[in-house]
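Asks: Any chance you could fold what I've pasted below:
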Amino acid sequence: MCLGIPGRIVAISDPDAMLAVVDVSGVRRTVDVVCVAQESAPLEELIGVWVLVHVGFAMSRIDEEEAAATLKVLAEIGEMDGEMEALRTGSLDLLPQAN
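Replies: Numbers count the residues shown, from 1 in each chain. Model (predicted):
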């Protein structure tokens, strides 16, 4: 398993709990965004932001180019299938799957 897989925040699911929905190549999961949220900005400003996701947390912000490059490398080294399966089954993170 890699340290993080790129995903794009597509919705805020629970602002009080600091949870957002992240799309990783078509698979959506709920993740904690406390590490990437800015204290003075509303969480809605995170929608559209690319992040690295690991064990249910958006760990850091990344730009779209870095996200694409990381996804490409994961595919090239054969790690993408495993990461996507872990994401689909929930073993990549600890939070419930988004609808």
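Asks: Low-confidence regions, this structure specifically.
Replies: 1-3, 79-99 (pLDDT under 70).
Asks: Dump stretch 11-18 to PDB, keeping only the CA atoms.
Replies: Provided in PDB are the C-alpha atoms of stretch 11-18 (Å, rounded to 0.1, in the frame of the first residue of the first chain):
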ATOM      1  CA  ALA A  11     -18.500  17.400  -1.400                       C
ATOM      2  CA  ILE A  12     -18.600  18.200   2.300                       C
ATOM      3  CA  SER A  13     -20.600  15.500   4.000                       C
ATOM      4  CA  ASP A  14     -20.400  16.600   7.600                       C
ATOM      5  CA  PRO A  15     -18.900  20.000   8.300                       C
ATOM      6  CA  ASP A  16     -19.200  19.600  12.100                       C
ATOM      7  CA  ALA A  17     -17.200  16.400  12.000                       C
ATOM      8  CA  MET A  18     -14.800  17.800   9.300                       C
END
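Asks: chain center to it: distance?
Replies: 14 Å (CA atoms, centre = their mean, to the nearest Å).
Asks: On the C-terminal side of the longest strand seen in the chain, identify the next helix or strand.
Replies: Ranked by residue count and defined by DSSP state E, the top strand of the chain is strand 5-14. The helix or strand immediately downstream of strand 5-14 is strand 19-24, counting by DSSP states H and E.
Asks: Now residue 13: closest residue in space, sequence neighbours ignored.
Replies: residue 19 (4.8 Å; CB to CB, 6 or more residues apart in numbering). (Each C-beta comes from the backbone N, C-alpha and C, glycine too.)
Asks: longest single helix anywhere in this structure?
Replies: helix 64-76 (DSSP state H).
Asks: Check which helices and strands it is in contact with.
Replies: strand 5-14, strand 50-54, helix 80-89 (3 or more CB pairs under 8 Å, 6 or more residues apart in numbering; DSSP states H and E).
Asks: 6 Å instead?
Replies: strand 5-14 (3 or more CB pairs under 6 Å, 6 or more residues apart in numbering; DSSP states H and E).
Asks: Next, the angle helix 64-76 makes with the strand it packs on.
Replies: 120 degrees (axes from the mean of the first three to the mean of the last three CA atoms, to 10 degrees).
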